[in-house]
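S.K.: Sharing a model prediction with you, sequence too.
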Amino acid sequence: MVLNCGTRLGSYALTAVIAFAALGAQAQDSGIEVGSKALGAAVETLDGNPAELSSVFGKGPVVIQFWATWCPTCKALEPAMQAAQQKYAGKVSFVGVAVSVNQSPRAVQAYSEKHSPRMTHFFDRRGKAVDAYEVPATGFVVIVNKAGTVVYTGLGSQQNIDAAIKKAM
């Protein structure tokens, strides 16, 4: 199942996405393949300017979280992400790619300022990043090493973010 952020999800599809994300796998077989090169994608800054996801690669390890303000899995994952941001400050870049389903850049900005101010945030209005990374649902995390190789993908609220980051170090 691919979360297509370029269209509005119906209530049944939205329920299915949330239910799938709530399964809480530590790592899974869906999404971009571990060992592949991290991909660029046209996204936007939260103030609406064009941006490129690949701009965050090549400086060190990167943690990318595909999320939404309404996602219960993402909210459950917040403490682990915040702890990792604090532990790896200055060593690892944290990037939030907000899907465009049922939210706006303004809502994402307000939420991110309160809950994850240490992350670089992008808005995936056209679903380009979601498609490139074959994102199965919100709460999907991709970790990329300095060489630009995907070393981890995971889905759900029970991911061991710390152990996953160590794979990229």
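M.R.: Sure thing, it's come through.

S.K.: Run a quick neighbour tally on residue 52.
M.R.: 14 (other CB atoms under 10 Å). To be clear about C-beta, it is placed using only N, CA and C from the backbone, and glycine gets the same treatment.

S.K.: and it, bridged to which residues?
M.R.: Per DSSP bridges, the residues bridged to residue 52 are residue 42.

S.K.: burial count for residue 92?
M.R.: Residue 92: 18 surrounding residues under other CB under 10 Å.

S.K.: Now for the nearest residue to it once chain neighbours are set aside: which residues touch it?
M.R.: Distances taken as CB to CB, 6 or more residues apart in numbering put residue 61 closest to residue 92, at 4.6 Å, once the chain neighbours are dropped. Contacts of residue 61 were listed using CB atoms under 8 Å, 6 or more residues apart in numbering, and they are 88, 91-93, 143-146, 165, 168-169.

S.K.: What confidence value was assigned to residue 61?
M.R.: Looking at residue 61, its pLDDT stands at 97.

S.K.: ok, now the one 10 residues further on?
M.R.: Looking at residue 71, its pLDDT reads 95.

S.K.: same question, residue 30
M.R.: The predicted local confidence for residue 30 is 78.

S.K.: That one reaches residue 142, doesn't it?
M.R.: No: under the criterion of CB atoms under 8 Å, residue 30 makes no contact with residue 142, lying 11.7 Å away.

S.K.: between these two, what contacts are shared?
M.R.: Here residue 30 and residue 142 have residue 153 as joint contacts, going by CB under 8 Å, 6+ apart.

S.K.: Of these two, which one has the most company?
M.R.: Per other CB under 10 Å, whichever of residue 30 and residue 142 has more neighbours is residue 142, with 26 against 16.

S.K.: which SS class is the residue nearest to that one when sequence neighbours are not counted?
M.R.: What sits nearest to residue 142 in space, not counting adjacent residues and going by CB to CB, 6+ apart, is residue 64, at 4.5 Å. Assigned with DSSP: H, G, I helix; E, B strand; the rest coil, residue 64 falls in the strand class.

S.K.: Spit out the contact partners of residue 64.
M.R.: 53, 56, 95-97, 133, 141-144.

S.K.: Show me just the buried residues among those residues.
M.R.: 53, 56, 95-97, 133, 141-144 (16 or more other CB atoms under 10 Å).
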